[in-house]
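**Q** Sequence first, then the predicted structure:
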Amino acid sequence: MVKLIGHKKVKTAVFISGAGSNLKSLIKFSKTKKSPISVSLIISNNPKAKGLKHGKRNKIKSRVFNFRKKYKIENQILAVLKDCDIKMICLAGFMKILSSNFITKFKGRILNIHPSLLPRYKGLNTHKRALDNNEKYSGCTVHFVNSKLDSGKIILQKKVKILKNETKNSLAKKILAIEHELYPKAILKVFNL
Ligand code: GRF
């Protein structure tokens with residue numbers, strides 16, 4: 001559980017690589033009274049990430065880092081996080097794997113959203129793999145990040161039924177819609193709210 005100190009919202013950085021629809025929903029949530037977090041910084045490894053537009057629109061500081069030299073870059077990111085007084089990180093469609101050195105520095109304060117019912121289908125291509133295995137259900141999971149990929153403690157999950165004619169695109173769309181509700185709920189849970 002992350003503790004709230006006084007009534008101040010916890011400054012949070014959202015890490016993205018692409019469309020940023022979860023970022024959008026987190027920004028919307030963070031502006032509500034009940035939110036314990038404020039999205040104060042956006043980090044992207046991809047200068048072309050469409051999600052960066054949500055930062056601009058909402059006047060949230062964004063920084064893009066080229067991950068080719070990961071360790072050096074992670075140290076630069078840690079410095080920016082410190083500068084911006086960031087106390088929590090939400091990974092939202094962030095396609096890079098953070099080192100255990102980085103994760104240790106934010107132990108218990110990095111969350112991720114993953115489009116499957118973990119521990120099933122860690123990693124990529126979750127929807128195709130669920131369909132290939134004739135699963136009846138899939139869904140999404142918000143979990144704490146530890147040094148093993150998609151393996152940290154589960155905070156919340158939500159199931160969806162896989163229909164007969166489901167395609168990986170229709171499943172992705174359906175799951176993304178519930179992700180937008182699940183991430184804010186998981187944050188409330190982390191703060192015991
Ligand atoms: C989501 O399905 C998320 O679970 C996965 O990547 C996708 C990101 O979508 N990790 P968006 O960038 O938030 O729209």
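**A** Arrived safely. Residues are numbered from 1 along each chain as shown.
**Q** so what's the closest residue to the ligand within the chain up against?
**A** Nearest residue of the chain to the ligand: residue 93, at 2.6 Å (CB to the nearest ligand atom). All C-beta atoms are positioned from the backbone trio N, CA, C, and that covers glycine. Listed by CB atoms under 8 Å, 6 or more residues apart in numbering, the contact set of residue 93 reads 16, 17, 18, 19, 20, 21, 22, 23, 51, 113.
**Q** between these, which has the most around it?
**A** residue 23 (30 neighbours; other CB atoms under 10 Å).
**Q** still on that earlier bit, so of the contacts of residue 93, which ones are in helices?
**A** Within these, residues falling in helices by DSSP state H are 21, 22, 23.
**Q** If we check the ligand, which of the residues you listed are in contact?
**A** The residues of these that also fall near the ligand, by CB under 6 Å from any ligand atom, are 21, 22.
**Q** before we move on, the earlier item: helix or strand: which one has the residue of the chain closest to the ligand?
**A** Following DSSP states H and E, there is no helix or strand that holds residue 93.
**Q** Give me the neighbour count for residue 171.
**A** Neighbour tally, residue 171, other CB under 10 Å: 22.
**Q** who's in contact with the closest residue in space to it that isn't next to it in sequence?
**A** Nearest residue to residue 171 in three dimensions, chain neighbours excluded: residue 127, at 4.5 Å (CB to CB, 6 or more residues apart in numbering). Contacts for residue 127 were tallied using CB under 8 Å, 6+ apart; they are 115, 138, 168, 171, 172, 175.
**Q** Please repeat the previous calculation with a cut-off of 7 Å.
**A** Counting by CB atoms under 7 Å, 6 or more residues apart in numbering, residue 127 touches 115, 138, 168, 171, 172.
**Q** so what pLDDT did it get?
**A** Residue 127 carries a pLDDT value of 98.
**Q** which stretch of helix or strand covers it?
**A** Counting by DSSP H and E, residue 127 is part of helix 126-132.
**Q** what's the spacing between the helix or strand that that helix is followed by and its chain's center?
**A** For helix 126-132, the following helix or strand on the C-terminal side (DSSP H and E) is strand 137-144. Taking CA atoms, centre = their mean, to the nearest Å, one finds strand 137-144 lying 11 Å from the centre of the chain it belongs to.
**Q** can you give me the offset of the next helix-or-strand element following strand 137-144 from its chain's centre?
**A** Following strand 137-144 in sequence order, the next helix or strand is strand 154-161 (DSSP H and E). Centroid displacement of strand 154-161 relative to its chain, using CA atoms, centre = their mean, is 14 Å.
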